[in-house]
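# Fold the following for me, if possible:
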Amino acid sequence: MGKTALVVGTSGIVGGATAHLLVEQGWSVLGLARNPAAQGGVTPIAADLQDFAGLAAALAGCKPDAVFIATWSRQANEAENIRVNAAMVRNLLDALRPAGNVRHVALVTGLKHYLGPFEAYGKGVLPQTPFREEQGRLEVDNFYYAQEDEVFAAAARDGFGWSVHRPHTVIGKAVGNAMNMGTTLATYATLCRETGRPFRFPGSAAQWHGLTDMTDARLLARHLLWATQTAAARDQAFNVVNGDVFRWSWMWGRIADWFGLTPAPFDGTVSPLEVQMAQDVPVWRAIAAREGLVEGDLSRLASPWHTDADLGRPIEVVTDMGKSRKLGFTAYQATDEAFFDLFAQLRTDRLIP
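Sure thing, here's the model as predicted:
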């Protein structure tokens with residue numbers, strides 16, 4: 001395989017980390033987003049995956065060997081999620097087909113493969129944990145399945161290999177991202193420190209007391225590249241997590257310590273961040289102005305709805321990664337250190353004070 005990559009979604013957490021790694025590894029990297037930000041070593045391509053004509057024009061002359069799909073578009077309901085996100089993957093692969101150069105497509109989805117879509121998240125009959133790749137699909141409509149089916153159909157038609165990557169909640173940096181627990185918790189901690197409010201765990205007793213795991217975007221990027229370059233990983237779906245497990249009853253105190261806070265005792269009740277942070281837009285704007293931060297719009301940094309969905313789950317969620325381990329992927333990342341690295345980067349980049 002050659003070393004030209006197309007990373008779709010470079011403005012997001014996963015896409016940005018993947019593009020950065022590929023540049024470090026000597027790849028020629030094309031970065032596609034609706035509004036691509038400048039990123040060292042990445043050739044930006046501005047295009048909307050829902051506009052096939054515009055997308056085809058933007059990709060004319062591009063001949064990537066590997067394609068990394070790390071984007072989605074949130075819609076009002078799951079039926080629309082399926083329609084729009086399937087079309088986005090289909091349009092992308094159709095637009096690349098004339099060049100005939102693609103050898104591998106890596107698709108990033110997630111644990112909603114096992115937990116169900118947002119409309120039925122963590123409800124009904126779910127597989128036992130730890131989640132394993134062979135557990136297959138739920139009997140429910142899910143836009144992740146629709147995205148996969150588009151990749152499978154194009155691969156059968158055009159002869160490229162594929163891999164599917166299912167991270168747990170991803171830790172990494174992106175501004176304007178719809179699913180961003182790390183930065184959400186950083187802004188929440190900053191607001192608690194500013195206002196003197198208690199730093200309260202927002203989620204369920206099951207999450208507070210149960211085991212869980214997460215995925216660092218940097219480790220996920222390494223997993224994507226590994227699957228692209230490993231023959232045994234061709235046409236396979238993988239879970240991908242950091243390799244450690246923890247309880248939020250421990251992690252909450254670790255995060256509080258980093259921000260110089262004392263965590264509030266957990267009383268067993270759910271206290272959603274969407275409610276706790278509902279009036280914080282002007283507070284954040286004032287903090288940003290006073291501290292010289294580069295982003296004063298709290299909605300571009302925090303995604304309380306998504307963090308609430310993860311931390312409010314009524315079941316313990318841990319992920320088996322034995323399939324990757326057996327094939328030789330042995331990278332490990334301590335999750336508390338992943339949070340700390342992110343917080344330090346956010347501070348360096350003047351996104352938090």
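# top helix in the chain by residue count?
For the chain, the helix with the greatest residue count under DSSP state H is helix 78-96.
# Which neighbouring elements make contact with it?
Where contact means 3 or more C-beta pairs under 8 Å, 6 or more residues apart in numbering; DSSP states H and E, helix 78-96 is packed against helix 52-59, strand 66-69, helix 143-158. Where you see a C-beta, it was placed from the backbone N, CA and C, and this is true even at glycine.
# rerun at 10 Å
Packing partners of helix 78-96 (3 or more C-beta pairs under 10 Å, 6 or more residues apart in numbering; DSSP states H and E): strand 4-8, helix 52-59, strand 66-69, strand 104-108, helix 143-158.
# Could I get the buried residue list for the last one?
Buried residues in helix 143-158, counted by 16 or more other C-beta atoms under 10 Å: 143-148, 150-151, 154-155.
# Turn those residues into CSV, including pLDDT and distance to Val29.
Output for the buried residues of helix 143-158, formatted as CSV (pLDDT from 0 to 100; distance: C-beta to C-beta, whole Å):
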residue, pLDDT, distance to Val29
Phe143, 97, 27
Tyr144, 97, 25
Tyr145, 97, 29
Ala146, 97, 27
Gln147, 98, 22
Glu148, 98, 24
Glu150, 98, 23
Val151, 98, 20
Ala154, 98, 22
Ala155, 98, 22
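# what about stretch 257-276, distance to the chain center?
For stretch 257-276, the separation from the chain centroid amounts to 23 Å (computed by C-alpha atoms, centre = their mean, to the nearest Å).
# Could I get the full set of strands for the chain?
Secondary structure of the chain (DSSP state E): strands located at 4-8, 28-33, 42-46, 66-69, 104-108, 161-167, 170-171, 211-212, 215-216, 236-240, 246-247.
# Nearest to Gln345, out of those?
strand 170-171 (10.9 Å; C-beta to C-beta).
# Tell me how far the spatially closest residue to Leu224 that is not a sequence neighbour lies from Lys323.
Spatial nearest neighbour of Leu224, chain neighbours left out: Ala106 (4.9 Å); criterion: C-beta to C-beta, 6 or more residues apart in numbering. Relative to Lys323, Ala106 is positioned 15 Å away (C-beta to C-beta, to the nearest Å).
# neighbour count winner among these two?
Ala106 (26 against 17; other C-beta atoms under 10 Å).
# Is that one in contact with Arg222, as I believe?
No - between Ala106 and Arg222 there is no contact under C-beta atoms under 10 Å: 11.9 Å.
# Now the common contact residues for these two.
Shared contacts of Ala106 and Arg222, defined by C-beta atoms under 10 Å, 6 or more residues apart in numbering, comprise Thr18.
# Dump the helices and strands packed on helix 78-96 into a markdown table; add distance to Gln236 as well.
A markdown table is the format used below for the helices and strands packed on helix 78-96 (distance: least, C-beta to C-beta, whole Å):
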| stretch | distance to Gln236 |
| --- | --- |
| strand 4-8 | 19 |
| helix 52-59 | 26 |
| strand 66-69 | 15 |
| strand 104-108 | 11 |
| helix 143-158 | 12 |
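# Nearest to Arg97, out of those?
Of all these, helix 143-158 sits nearest to Arg97, with 6.0 Å by C-beta to C-beta.
# what residues are up against the nearest residue to Phe340 once chain neighbours are set aside?
Excluding its sequence neighbours, the residue lying closest to Phe340 (C-beta to C-beta, 6+ apart) is Trp258, at 5.9 Å. Under the criterion of C-beta under 10 Å, 6+ apart, the neighbours of Trp258 are 185-186, 189, 336, 339-340, 343-344.
# what's Lys112 in contact with, if anything?
118, 120-122, 138, 142-145, 166, 309.
# cool, and Asn91?
47-56, 150.
# what do you get if the cut-off is 6 Å, keeping everything else the same?
By C-beta atoms under 6 Å, 6 or more residues apart in numbering, Asn91 lies in contact with 49, 52, 55.
# Just name the closest of those to Glu274, please.
Nearest to Glu274 out of the contacts of Asn91 is Leu49 (C-beta to C-beta; 28.2 Å).
# what about that closest one, distance to Gly31?
As defined by C-beta to C-beta, Leu49 lies at a distance of 14 Å from Gly31.
# who has more neighbours, those two?
Higher neighbour count among Leu49 and Gly31: Gly31, with 28 against 25, using other C-beta under 10 Å.
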